[in-house]
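Colleague: heads up, no residue letters with this:
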Ligand code: AMP
Ligand code: MG
């Protein structure tokens with residue numbers, strides 16, 4: 001029980017975040033209703049026992065997330081779906097079969113044992129199986145699913161590495177399970193159902209085209225609307241750097257508006273040959289949207305740390321994951 005002893009020592013002696021890969025420590029913390037950060041293929045999450053109100057409250061407090069914004073429940077297998085939800089439409093099962101484990105969240109009718117806190121009082125629950133070996137192994141060793149929103153303070157840039165999480169939470173989070181850089185780097189695609197027909201509530205790491213290849217035309221409701229909170233994560237302002245950020249089709253024109261300012265650029269594939277630019281982030285020199293998606297948030301984190309006057313982001317091609325990237329950049333610049 002070396003780990004057990006070690007774990008206790010940590011909790012008595014230090015308030016610093018511990019970055020670990022040891023699942024025994026992670027498991028013990030979660031069994032004791034603590035919150036830990038976990039890696040997924042999308043972004044890092046702040047995870048707690050989805051059947052425990054005490055744990056869920058801690059997530060909302062730590063993240064400063066408003067209670068009207070529900071959490072995603074992470075399960076270990078498709079068979080476990082019946083422990084959290086019921087009345088699945090046929091299409092939901094078809095999508096699960098195709099994309100799980102993976103960055104697809106399904107909105108399904110909830111079972112009573114899912115606390116109302118998780119679902120913001122709604123009768124539906126958001127569920128997915130994350131595709132990360134460490135977290136899948138962790139889930140398989142727990143008697144409960146994990147509720148987990150992204151591991152960032154409400155509204156800020158999502159974390160795609162253990163270091164991003166540590167930076168945000170410093171002394172308030174005891175444990176980060178380190179699973180390396182997130183493979184996809186964008187949040188999950190969220191699909192709900194209206195009259196058994198699929199509705200897209202949030203663009204994400206699986207493109208709309210790939211979903212439609214599977215189930216035909218999907219109704220898209222991916223818009224920020226703070227009164228109709230059918231997908232409340234879609235608040236128009238979200239994923240925002242602290243630095244003043246602009247999003248444009250015309251980088252050269254936008255730069256002209258900021259003469260003598262410290263400018264950082266976020267670009268798809270080509271550097272800009274204009275003097276006086278302090279920093280340029282190229283997301284994929286080969287023009288690969290998957291690579292750009294994977295690197296997006298890390299680049300925003302870097303730019304945000306440079307004490308720039310302004311970040312200018314370029315609009316991406318509006319198809320595939322380019323659509324999701326544009327969606328996130330648009331929300332990053334909303335006032
Ligand atoms: P996050 O975990 O921060 O990536 O965001 C979770 C998001 O999932 C929420 O902000 C909502 O957009 C969505 N969500 C969670 N539960 C529900 C639900 N019951 N109905 C609709 N959307 C949901
Ligand atoms: Mg989030």
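Modeller: Thanks, I have the structure now. These numbers come from a predicted model, not from an experiment. Ligands and ions are numbered 1, 2, ... in the order given.

Colleague: residue ranges of the helices in the stretch 101-250 of the chain, please?
Modeller: With DSSP state H, counting those that start in this stretch as the criterion, the stretch 101-250 of the chain has helices at 116-119, 133-140, 162-169, 208-215.

Colleague: for the first one, packing partners?
Modeller: In terms of contacts (3 or more CB pairs under 8 Å, 6 or more residues apart in numbering; DSSP states H and E), helix 116-119 is packed against helix 53-63, strand 124-128. The way it works is simple: take the backbone N, C-alpha and C, and place the C-beta from them, glycine included.

Colleague: just how off-centre is it within its chain?
Modeller: How far helix 116-119 lies from its chain's middle: 18 Å, per CA atoms, centre = their mean, to the nearest Å.

Colleague: contact partners of that helix?
Modeller: For helix 116-119, contacts defined as CB atoms under 8 Å, 6 or more residues apart in numbering pick out 50, 53, 56-57, 60, 67, 70-71, 73, 110, 125-126, 147.

Colleague: coming back round to it: what's the closest of the helices of the stretch 101-250 of the chain to ligand 1?
Modeller: Closest to ligand 1 of those, according to CB to the nearest ligand atom: helix 116-119, at 4.8 Å.

Colleague: What are the buried residues along the closest one?
Modeller: Across helix 116-119, burial judged by 16 or more other CB atoms under 10 Å covers 117-119.

Colleague: picking that back up, can you convert the helices and strands packed on helix 116-119 into a markdown table and add a column each for mean neighbour count?
Modeller: As requested, the helices and strands packed on helix 116-119 are exported to a markdown table (neighbours: other CB atoms under 10 Å):
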| stretch | mean neighbour count |
| --- | --- |
| helix 53-63 | 18 |
| strand 124-128 | 24 |
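
Colleague: need these in a markdown table with mean pLDDT and distance to ligand 1, can you?
Modeller: Output for the helices and strands packed on helix 116-119, formatted as a markdown table (pLDDT from 0 to 100; distance: least, CB to the nearest ligand atom, whole Å):
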| stretch | mean pLDDT | distance to ligand 1 |
| --- | --- | --- |
| helix 53-63 | 97 | 8 |
| strand 124-128 | 98 | 3 |
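
Colleague: Relative to residue 303, which of these is closest?
Modeller: Residue 303 lies closest, by CB to CB, to one member of those: helix 53-63, at 22.8 Å.

Colleague: does the following helix or strand past that closest one come close to ligand 1?
Modeller: Sequence-wise, the next helix or strand downstream of helix 53-63 (DSSP states H and E) is strand 72-74. Yes. Using CB under 6 Å from any ligand atom, strand 72-74 reaches ligand 1 at residue 72.

Colleague: which stretches of this protein have low pLDDT?
Modeller: Applying pLDDT under 70 to the chain flags residues 1-15, 223-235.

Colleague: ok, back up a step: could you export the helices of the stretch 101-250 of the chain as TSV, including distance to residue 181?
Modeller: What follows is the helices of the stretch 101-250 of the chain, written out as TSV (distance: least, CB to CB, whole Å):
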stretch	distance to residue 181
helix 116-119	28
helix 133-140	13
helix 162-169	9
helix 208-215	22
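
Colleague: For ligand 1, see how far away the residue nearest to residue 209 when sequence neighbours are not counted is.
Modeller: Ranked by CB to CB, 6 or more residues apart in numbering and with sequence neighbours excluded, the top spatial neighbour of residue 209 is residue 320, at 6.2 Å. Distance of residue 320 to ligand 1, given as CB to the nearest ligand atom, to the nearest Å: 20 Å.

Colleague: residues in contact with residue 320?
Modeller: Residue 320 makes contacts with 207, 209, 289, as judged by CB under 8 Å, 6+ apart.

Colleague: near ligand 1, which residues of the stretch 1-150 of the chain?
Modeller: Looking at ligand 1, the residues of the stretch 1-150 of the chain close enough under CB under 6 Å from any ligand atom are 69-72, 107, 119, 122, 124-126, 149-150.

Colleague: Count the residues that sit near residue 22.
Modeller: Using other CB atoms under 10 Å, residue 22 has 15 neighbouring residues.

Colleague: Against residue 115, how distant is it?
Modeller: Going from residue 22 to residue 115 by CB to CB, to the nearest Å gives 28 Å.

Colleague: Tell me the one of the buried residues of helix 116-119 nearest residue 38?
Modeller: Closest approach to residue 38 among the buried residues of helix 116-119 (CB to CB): residue 118, at 16.2 Å.

Colleague: Look at the closest residue to residue 113 other than its chain neighbours and give its secondary structure.
Modeller: Leaving aside its sequence neighbours, residue 113 sits nearest to residue 51 (CB to CB, 6+ apart; 6.2 Å). Per DSSP: H, G, I helix; E, B strand; the rest coil, the secondary structure class of residue 51 is coil.

Colleague: ok, so of the buried residues of helix 116-119, who is nearest residue 263?
Modeller: Ranked by distance to residue 263 (CB to CB), the buried residues of helix 116-119 are led by residue 118 at 41.8 Å.

Colleague: Can you tell me the centre-most residue of the chain?
Modeller: The centre of the chain sits closest to residue 187, judged by CA atoms, centre = their mean, with a distance of 3.9 Å.

Colleague: that older thread, quick one: closest of the helices of the stretch 101-250 of the chain to residue 261.
Modeller: Nearest of the helices of the stretch 101-250 of the chain to residue 261, taken as CB to CB: helix 162-169 at 25.3 Å.
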